[in-house]
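Chemist: compute the structure for the input listed below.
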Amino acid sequence: MMRKTAISLAVLAALTAGGCASAPGTGFGGSVTPLEAKAHPANAKVFEHTLDNGMKIIVKEDHRAPVMVSQVWYKVGSSYEHNGITGVSHVLEHMMFKGTKKLGPNEFSKIIAENGGRENAFTGRDYTAYFQTMEKRRLPVSMELEADRMRNLVLLEEEFKKEVQVVMEERRMRTEDNPQSLTYEQFTATAYVNSPYHHPVIGWMDDLENMELDDLAQWYQHWYAPNNATLVVAGDVNAGEVFALAEKYFGKLPAGDVPKTKPRQEIEQKGERRIVVKAPAQLPYLIMGYKVPSLKDAAEPWEPYALEVMAAVLDGGNSARFARELVRGSEIAADIGTSYDAVSPHQELFMFSGTPNQGKKIGDLEQAIDKQLNKLKTQLVTQAELDRVKAQVVAGKVYEKDSIFYQAMTIGMLETTGFGWPLAEEYLDKIKAVTPEQVREVAKKYFISDNLTVAVLDPQPLDQNRPVRMGGGRHAR
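Modeler: Predicted coordinates:
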């Protein structure tokens, strides 16, 4: 499990397709008169507009290449699901490519390809997003297609039966045949009791096997509406022209009656939790997770940023403590990483995961991690460590500008999870303001046994006829 920062956690490398050259049109799209656009105070290149039906449009102008990325984000994901229909958000994502009243199955993708573009989609815990990367003049094609399937999707029984089987096979491949992913799924279900993060994004197999087309139809009707969506366009575009196109294609869609969600706050953990997962595997695997706040529920606004800095101190490259002291120094760990998501609508976990080195045991690795945490509780991190972390954050902010997909995704993720995209503009300053004392304080406050859940993969003999996949990774269409 690799470390992920608060702003970059949702970016999928497999989805960041580059721009393509223009290709012949298909009859989709058209010109409109630009609307007036005023830059947002937080960033002179970002523009916002809200349609009368409640749909938000955000434009990030970046004129370095004649390419644009268009993303439609819906405020719905696996955390909105309940027992019995887990995985419905992801299955519906698959079905969004299977035809509308105007288009047949897979014609959406065919039209994008004919226009020199690339497209895909992904489902997360708190959102579902669809995107296209195209030459800038093809934006009307993207918008017309997305507006069409936002309200005119046709759900066919034969297509549903095929796609739910695809998702079930995806689950087998990425989770059930992957011992580390299987352990992580069991770990999450143990750490969370009533949080909507209890169940996996892809859904439980029993729910997938018993899913019906009507489940998707109701989900689509409830959540796929302009007033539950955000359109993000980034690249070599003019904001006024984008707003006018959005008015033309999305503005005519009626707002929906979007359900109100309950708080669904996780109950207080009353003691340490431990599980053992027995599965065919070559190596043992350890996951440790402590309940910690996100930016949504932190007692003090600086706490999540201190946790971010702590994660980088422990696992921020070859010079970080884990690599220096556990991998190279004591050679207790063959690999080890941390994971924390500060940008989350619900309570989060600060996680450690890794594999002990040859000749070492899971208990040795857990004790070594505990020792590192105790050091954080009793000793201040050094100024050199803080300087390194802050330099990494600065470098990351510079590098992210190279990808218009990343820029759009940051905006979409922050908007859809309720934090607002300007948070990205504040992130660097917030990290720079973290002190050694604050890092020590969050370590003492949250890294206690009552907040801890531990999962251990107990390797079982391998079945030679069944593949074992050691890698992790998120699923996409």
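Chemist: domain-wise, how is this protein divided?
Modeler: As assigned by automatic domain parsing, the chain contains the domains 13-249, 273-460.
Chemist: including distance to G256, could the ones you listed go into CSV?
Modeler: Glycine gets a C-beta too; all of them are placed from N, C-alpha and C. Shown next, in CSV, are these (distance: least, C-beta to C-beta, whole Å):
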stretch, distance to G256
domain 13-249, 3
domain 273-460, 16
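Chemist: make CSV from those and add mean neighbour count to it.
Modeler: Shown next, in CSV, are the domains of the chain (neighbours: other C-beta atoms under 10 Å):
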stretch, mean neighbour count
domain 13-249, 19
domain 273-460, 19
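Chemist: which of these has the lowest mean pLDDT?
Modeler: Among the domains of the chain, domain 13-249 carries the lowest mean pLDDT, a mean of 91.
Chemist: mind checking which of the domains of the chain is nearest I267?
Modeler: domain 13-249 (5.6 Å; C-beta to C-beta).
Chemist: quick one on the thing from earlier: indicate which one of the domains of the chain is closest to R264.
Modeler: domain 13-249 (5.1 Å).
Chemist: picking that back up, closest one to V258 among the domains of the chain?
Modeler: Closest among these, using C-beta to C-beta: domain 13-249, at 4.7 Å.
Chemist: what separates the closest one from the chain centre, distance-wise?
Modeler: For domain 13-249, the separation from the chain centroid amounts to 13 Å (computed by C-alpha atoms, centre = their mean, to the nearest Å).
Chemist: how far is stretch 360-374 from where the chain is centred?
Modeler: 29 Å.
Chemist: what about the helices in the stretch 301-450 of the chain?
Modeler: Using DSSP state H, counting those that start in this stretch, the helices of the stretch 301-450 of the chain run over 303-315, 321, 362-378, 383-400, 404-416, 423-432, 436-446.
Chemist: check what contacts the second one and list those residues.
Modeler: The contact list for helix 321, computed with C-beta atoms under 8 Å, 6 or more residues apart in numbering, reads V313, L314, D315, Q372.
Chemist: tell me which of those residues is nearest to P259?
Modeler: For these, the nearest to P259 is D315 (38.9 Å; C-beta to C-beta).
Chemist: what sits closest to that closest one if chain neighbours are left out?
Modeler: T338 (4.2 Å; C-beta to C-beta, 6 or more residues apart in numbering).
Chemist: just E415 next, same as before
Modeler: T230 is the one closest to E415 (C-beta to C-beta, 6+ apart), at 4.9 Å.
Chemist: which residues touch T128?
Modeler: Counted by C-beta under 8 Å, 6+ apart, T128 has contacts W73, Y74, V76, G77, S89, H90, L92, E93, A121, F122.
Chemist: inside strands: which ones of those?
Modeler: Counting by DSSP state E, the contacts of T128 place W73, Y74, A121, F122 in strands.
Chemist: farthest pair in those residues?
Modeler: Y74 and F122 (11.4 Å).
Chemist: between these two, what contacts are shared?
Modeler: With C-beta under 8 Å, 6+ apart as the test, Y74 and F122 both reach T128, A129.
Chemist: if we can go back for a sec, the domains of the chain: which one's closest to K262?
Modeler: domain 13-249 (9.4 Å).
Chemist: picking that back up, a strand runs through the residue nearest to E415, doesn't it?
Modeler: Yes: checked against DSSP: H, G, I helix; E, B strand; the rest coil, T230 lies within a strand.
Chemist: heads up, I number from 583, so please use that
Modeler: With 583 as the first residue, the last one maps to T812.
Chemist: wait, doesn't it sit right on V641?
Modeler: No: using C-beta atoms under 8 Å, T812 is not in contact with V641; the gap is 11.4 Å.
Chemist: strand partners (parallel or antiparallel) of the helix or strand hosting K642?
Modeler: Following DSSP states H and E, one finds K642 within strand 638-643. Using DSSP bridges, the strands paired with strand 638-643 are strand 625-632 (antiparallel), strand 811-817 (parallel).
Chemist: the longest one vs helix 1005-1014, what angle?
Modeler: Meaning strand 625-632. Angle of strand 625-632 versus helix 1005-1014, following axes from the mean of the first three to the mean of the last three C-alpha atoms, to 10 degrees, is 140 degrees.
Chemist: what of the shortest one?
Modeler: With the same axes, to 10 degrees as the basis, strand 811-817 and helix 1005-1014 are set at 80 degrees to each other.
Chemist: which other residues reach strand 811-817?
Modeler: Under C-beta under 8 Å, 6+ apart, the answer for strand 811-817 is 601, 637-644, 647, 649-657, 718, 721, 725, 728, 732, 824, 828, 832, 986-987, 989-991, 993-994, 997-998.
Chemist: and for the longest one?
Modeler: The contact list for strand 625-632, computed with C-beta under 8 Å, 6+ apart, reads 617, 619-622, 638-644, 821, 824-825, 828, 993, 1003-1004, 1007.
Chemist: thinking again about what came up before, which one of the domains of the chain lies closest to K842?
Modeler: domain 595-831 (11.0 Å).
Chemist: so where do the strands sit in the stretch 783-932 of the chain?
Modeler: For the stretch 783-932 of the chain, strands defined by DSSP state E, counting those that start in this stretch occupy the ranges 811-817, 855-862, 867-874, 915-921, 930-938.
Chemist: helices or strands up against the host helix or strand of F690?
Modeler: Assigned by DSSP H and E, F690 belongs to helix 689-696. Here helix 689-696 touches strand 700-705, helix 721-733, going by 3 or more C-beta pairs under 8 Å, 6 or more residues apart in numbering; DSSP states H and E.
Chemist: CSV for the ones you listed, including distance to D789?
Modeler: Output for those, formatted as CSV (distance: least, C-beta to C-beta, whole Å):
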stretch, distance to D789
strand 700-705, 14
helix 721-733, 24
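Chemist: so for T772, which of the ones you listed sits nearest?
Modeler: Here strand 700-705 is closest among those (C-beta to C-beta), at 22.7 Å.
Chemist: could you export that closest one as CSV, CA atoms only?
Modeler: The C-alpha coordinates for strand 700-705 follow below in CSV (Å, rounded to 0.1, in the frame of the first residue of the first chain):
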residue,chain,number,x,y,z
ARG,A,700,-10.0,9.0,-25.0
GLU,A,701,-12.5,8.4,-22.2
ASN,A,702,-13.1,6.4,-19.2
ALA,A,703,-14.8,6.5,-15.7
PHE,A,704,-14.1,5.6,-12.1
THR,A,705,-16.1,5.0,-9.0
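Chemist: direction included, what does the helix or strand that it is followed by pair against?
Modeler: Remark: after strand 700-705, the chain's next helix or strand is strand 710-717, criterion DSSP H and E. Partners of strand 710-717 in the sheet, by DSSP bridges, are strand 649-656 (antiparallel), strand 700-705 (antiparallel).
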